[in-house]
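S.K.: output the structure for:
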Amino acid sequence: MNQLIRCKNCDEIFMKTPFDHWPEYEFGSNHPDESIQAIEKDDFQDFLIHHHGHQLEDLRVIEDSFISEKAYSEPIKTSYFKATNGKESFVIKKFRERIDEPLKYQLIAGDYSLKWIGLHVQTKEIVEQLKKEFKNNPLTQNQIDAFVKLYHSIVETLPVKNLERVPEESPNPLEIFYKMDDVSLFYLLRNCRHIFNKQEHLRIEDFIHRHREDGVLLLRATYKIQIKEIAKSKKKPVPASVLLRKKEVLKKE
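M.R.: Okay, the predicted model is just below:
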């Protein structure tokens, strides 16, 4: 079982796992047929030796606090999560710079948030889906371009905070999908009458309703991780003369 440990003196973080005792293997450098040498390891014991005499405490990882700058399957990336000792919370940075090095953990004093960058239309996917569904009675390229342009113009006016998030999964953890609100949907349908004839409009209306919540008409919002660090306050040592005067006052009382 994994265990997150913090050194209160140094603010260093160690993630204790069952792999801490796994040995490293080295091949003979002179002859490829030499036997493999196993090098015994105990990462946790090394951590304890390095922090001998320091105060250690267990931290509990806060659920659903993980965020990453790349896909979770990427081995080389920087991620963040939150942990607590029951009294205060911490931000933990988890990273590695090479595939052959162990994960590193760093405590950050402060917090993080997601900053909205932009709202995007799935233009390529919309065009491909229109051509696929209207294959028997194809739309003209001008009609397709006009529909995409109209959709873009509406999306540009939408505040992301008023949109409803949908459970559509993205391989990128910094991408979130939203669906168009009802007022904007009505505006889209109404203006489609200037692009399509009556028969085409019925079909495009069906297309819009089917792909609004789980398809190509979903809006893709992109975010970036914003770290807000807080400078840790350092207690200034009280001069011995002050402590002496304080003791003298207490004695007189």
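S.K.: which pLDDT value goes with the residue nearest to H51 when sequence neighbours are not counted?
M.R.: With CB to CB, 6 or more residues apart in numbering as the measure, C7 is the residue that lies nearest to H51, at 4.8 Å, once sequence neighbours are left out. Every C-beta, even on glycine, is put in place using the N, C-alpha and C of the backbone. The per-residue pLDDT reported for C7 equals 95.
S.K.: for E101, same thing?
M.R.: Confidence per residue is given as pLDDT, and for E101 that number is 84.
S.K.: circling back to that earlier point, the residue nearest to H51 bridge partners, please.
M.R.: In this structure, C7 has the following beta-bridge partners (DSSP bridges): L56.
S.K.: for burial, what's the neighbour tally of it?
M.R.: 18 (other CB atoms under 10 Å).
S.K.: can you check V216 too?
M.R.: 18.
S.K.: tell me the SS of it?
M.R.: In three-state terms, and counting by DSSP: H, G, I helix; E, B strand; the rest coil, V216 is coil.
S.K.: residues contacting K94?
M.R.: The contact partners of K94, by CB atoms under 8 Å, 6 or more residues apart in numbering, come to T78, S79, Y80, F81, L103, K104, Y105.
S.K.: did I read that right, it in a helix?
M.R.: No. The assignment for K94 (three-state DSSP) gives strand, which keeps it out of a helix.
S.K.: okay, and the beta partners of it?
M.R.: S79, Y105.
S.K.: shaky segments in the chain?
M.R.: 1, 20-40, 232-253 (pLDDT under 70).
S.K.: could you pull out the helices for it?
M.R.: Shown for the chain, the helices assigned by DSSP state H span residues 43-50, 123-133, 141-155, 182-191, 198-211, 240-252.
S.K.: run through the residues that contact K87.
M.R.: Taking CB under 8 Å, 6+ apart as the contact definition, K87 lies against nothing.
S.K.: hmm, back to that, surely the residue nearest to H51 and L56 touch.
M.R.: Yes. Assessed by CB atoms under 8 Å, C7 is found in contact with L56 at 5.8 Å.
S.K.: buried subset of the contacts of K94?
M.R.: T78, S79, Y80, F81, Y105 (16 or more other CB atoms under 10 Å).
S.K.: quick check: L188 touching I154?
M.R.: Yes. Counting by CB under 8 Å, L188 touches I154, with 5.7 Å between them.
S.K.: bridging residues for the residue most central in space within the chain?
M.R.: Taking CA atoms, centre = their mean as the criterion, I67 is the residue nearest the geometric centre of the chain, at 2.4 Å. Following DSSP bridges, I67 is listed with bridge partners Y80.
S.K.: mind putting the buried ones among the contacts of K94 into TSV with distance to L174?
M.R.: TSV is the format used below for these (distance: CB to CB, whole Å):
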residue	distance to L174
T78	12
S79	11
Y80	12
F81	15
Y105	21
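S.K.: tell me which residues in stretch 129-145 are buried?
M.R.: For stretch 129-145, using 16+ other CB under 10 Å, the buried residues are Q129, L130, E133, F134, L139, Q143, I144.
S.K.: so which of those comes closest to H194?
M.R.: When the buried residues of stretch 129-145 are compared for distance to H194 (CB to CB), Q143 comes out closest, at 10.6 Å.
S.K.: for the closest one, list the residues it contacts.
M.R.: Q143 makes contact with I195, F196, E200, according to CB under 8 Å, 6+ apart.
S.K.: thank you, goodbye.
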